[in-house]
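Colleague: can you look at this prediction? I've put the sequence above it.
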Amino acid sequence: MSTTPAAAPLLIACALGIEQLALRTGGDRGSADGPVTVLRTGMGPKAAEQAVTRALAGPALTGAAVLATGFCAGLAPGMHPGDLVVAEETRDPRGTTPCVGTDLLVKELVRAVPGRTVHTGPLTGSDHVVRGHERSDLLATGAIAVDMESAATLHSAVRAGARPVAAVRVVVDAPEHELVRIGTVRGGISAFRVLRAVLPAFFEWHRSLLLPRR
């Protein structure tokens, strides 16, 4: 009988069917240590909270590391569709959730998606699509990007038990590239292609959590 402990699971949470499709159809998925679940939570913080809480209550995901991903709106000038955001922390009205392994994620994303800009900083949550002056108001708080699920996902994950958490988002909407403009359809395609390529970086992040600490 093997005495090697089973590898901890990895739960990758996204909101939309198009995000789940990108993650499942990535060309070079790499290899994972331990079981991987891609969970579609549905849109919005309430849906994310309910889906993640329910998933982590099951025995198959006991002790799972949790990574929130999908698309986001960039807040900082100069951001472009297809840029990546690695959260140092997520924020919402309930507080702040620190992320684990940010530096490693940046390194692996640069390798997985060469030529793409990777931004790091706080990722804030919202219960609606952010437009106009709201974008600059959120930027003034220090946040660099916003989405509707990451903060709720990570908050729910750590509430269910101590575990590593992280959030990586792909910019699909930015100050100079708002989705209300017809010309940004190309930006959405670009973001989809980037999301298809990120799984190897997620697997390396997960693998690093399993290494013994010195």
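Modeller: Great, that's in hand.

Colleague: what's the end-to-end length of stretch 55-75?
Modeller: Distance across stretch 55-75, first residue to last, is 31 Å (C-alpha to C-alpha, to the nearest Å).

Colleague: wait, I meant stretch 69-89
Modeller: Stretch 69-89: ends 13 Å apart by C-alpha to C-alpha.

Colleague: buried set for it?
Modeller: Residues of stretch 69-89 classed as buried by neighbour count (16 or more other C-beta atoms under 10 Å): 69-76, 79, 81-89. Just so you know, the C-beta spots here come from the backbone N, C-alpha and C atoms, and that holds for glycine as well.

Colleague: so how far is it from its chain's centroid?
Modeller: A distance of 10 Å separates the centroid of the chain from that of stretch 69-89, by C-alpha atoms, centre = their mean, to the nearest Å.

Colleague: hey, what's the spatially most central residue of the chain bridged with?
Modeller: Central residue of the chain (C-alpha atoms, centre = their mean): T69, 2.4 Å from the mean position. In this entry, T69 is beta-bridged to V168, by DSSP bridges.

Colleague: quick check, L209 in a helix?
Modeller: Yes. Assessed by DSSP: H, G, I helix; E, B strand; the rest coil, L209 belongs to a helix.

Colleague: for burial, what's the neighbour tally of it?
Modeller: Counted with other C-beta atoms under 10 Å, residues neighbouring L209 total 19.

Colleague: check the nearest residue to it once chain neighbours are set aside and give its pLDDT.
Modeller: Residue nearest to L209 in three dimensions, not counting chain neighbours: P164, with 5.1 Å by C-beta to C-beta, 6 or more residues apart in numbering. According to the prediction, P164 has pLDDT 96.

Colleague: just the ones of the buried residues of stretch 69-89 in helices?
Modeller: Using DSSP state H, no member of these falls in helices.

Colleague: re earlier: would you mind confirming that the residue nearest to L209 makes contact with A65?
Modeller: Yes. P164 lies in contact with A65 (C-beta atoms under 8 Å); the separation is 4.4 Å.

Colleague: what's near enough to touch R40?
Modeller: The contact partners of R40, taken as C-beta atoms under 8 Å, 6 or more residues apart in numbering, are 14-17, 19-20, 51.

Colleague: which of those residues sits closest to L139?
Modeller: Checking these against L139 with C-beta to C-beta, the nearest one is A15 at 22.4 Å.

Colleague: give me the distance between the closest one and I189.
Modeller: Relative to I189, A15 is positioned 19 Å away (C-beta to C-beta, to the nearest Å).

Colleague: roughly how far does T96 sit from V130?
Modeller: For T96, the distance to V130 - C-beta to C-beta - is 19 Å.

Colleague: now T120, nearest residue through space, not along the chain?
Modeller: Nearest one to T120, counting by C-beta to C-beta, 6+ apart, is V86 at 4.9 Å.

Colleague: show me the contacts for that neighbour.
Modeller: 99, 102, 105-106, 109, 118-120, 166-168.

Colleague: in helices, which of those residues appear?
Modeller: Using DSSP H, the subset of those located in helices is 102, 105-106, 109.

Colleague: distance to S156, pLDDT and neighbour count added to these, as TSV?
Modeller: As requested, those are exported to TSV (distance: C-beta to C-beta, whole Å; pLDDT from 0 to 100; neighbours: other C-beta atoms under 10 Å):
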residue	distance to S156	pLDDT	neighbour count
T102	20	96	19
L105	20	97	26
V106	25	97	17
L109	24	97	24
